[in-house]
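Enquirer: model this:
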Amino acid sequence: MCAGEVRQRRVSYMRGFRQWRWHLDEVFVQINCQTHYLWRAVDHEGELLESYLTKTRDKKAALAFMEKTLKRNGSPERITTDGLRSYQAAMRELGNDDRQEIGQHANNRVENSHLPFRRQERAMLRFRRMASLQKFASVRANVHNHFNLERHLVDRRIYKLRRSAALADWQNLVS
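Expert: Below you'll find the predicted structure:
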């Protein structure tokens with residue numbers, strides 16, 4: 001089974017899940033002393049759905065990001081965002097403004113998902129090209145999603161079984 005098949009199986013499962021929620025946010029990233037924006041979508045389980053890199057933080061960028069995410073992952077029941085007006089304008093244009101939620105602490109799921117990315121960014125001593133950042137973000141998301149085993153929700157025996165299965169899948173993918 002290849003990585004694309006694993007992703008397709010997960011997305012088809014989640015499309016049938018009624019309470020599928022997304023959390024959208026953007027991260028400021030410096031590339032050669034210029035500010036760029038990495039838009040990220042995380043589902044209610046903490047898995048990264050999509051990342052999209054732009055030079056701007058406006059309606060056009062938010063709309064492109066949301067269209068790409070909706071096309072690849074289907075439509076969720078609720079979309080949680082921060083107060084950025086670009087999201088509201090893009091949601092209004094897509095006709096999803098009734099699904100949007102905005103709250104002070106409602107978007108903590110995606111805010112906390114930025115932390116491992118920031119740690120790895122610091123370890124790599126920043127990025128020098130947009131293409132390398134986009135490639136890094138997408139590959140890192142797939143690896144993180146594959147090994148995100150929700151240790152805090154299951155007991156040790158189940159966690160060890162899932163970890164062994166994930167490692168076996170990974171070895172099949174890379175061999």
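Enquirer: hey, let's count contacts and neighbours off CA atoms from now on
Expert: OK.
Enquirer: Convert the C-alpha atoms of stretch 79-91 to CSV, please.
Expert: The C-alpha trace of stretch 79-91 is given here as CSV (Å, rounded to 0.1, in the frame of the first residue of the first chain):
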residue,chain,number,x,y,z
ILE,A,79,-14.7,25.3,10.3
THR,A,80,-13.0,27.1,13.2
THR,A,81,-10.9,30.1,12.4
ASP,A,82,-9.3,33.0,14.2
GLY,A,83,-10.7,36.6,13.7
LEU,A,84,-8.8,37.2,10.4
ARG,A,85,-11.2,38.9,8.0
SER,A,86,-9.7,37.1,5.0
TYR,A,87,-11.3,33.9,6.3
GLN,A,88,-14.7,35.6,6.6
ALA,A,89,-14.5,37.0,3.0
ALA,A,90,-13.4,33.7,1.6
MET,A,91,-16.1,31.7,3.4
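Enquirer: give the contact list for Gly103.
Expert: 80-83 (C-alpha atoms under 8 Å, 6 or more residues apart in numbering).
Enquirer: whoops, Leu63 was the one
Expert: By C-alpha under 8 Å, 6+ apart, the contact list for Leu63 reads 87, 90-91.
Enquirer: continuing past the helix or strand where it lies, what's the next helix or strand?
Expert: Leu63 belongs to helix 59-73 when assigned by DSSP states H and E. Once the chain leaves helix 59-73, the next helix or strand it forms, by DSSP H and E, is strand 78-81.
Enquirer: returning to what we had before: so of the contacts of Leu63, which ones are in helices?
Expert: Counting by DSSP state H, those place 87, 90-91 in helices.
Enquirer: and Glu26, that one's in a strand?
Expert: Yes - checked against DSSP: H, G, I helix; E, B strand; the rest coil, Glu26 lies within a strand.
Enquirer: Can you say which helix or strand has the closest residue to it other than its chain neighbours in it?
Expert: Of all residues not flanking Glu26 in the chain, Trp39 sits nearest, at 4.2 Å (C-alpha to C-alpha, 6 or more residues apart in numbering). Element membership for Trp39, per DSSP H and E: strand 34-43.
Enquirer: Check which helices and strands that strand sits against.
Expert: Counting contacts by 3 or more C-alpha pairs under 8 Å, 6 or more residues apart in numbering; DSSP states H and E, strand 34-43 packs against strand 21-31, strand 48-54, helix 59-73, helix 108-123.
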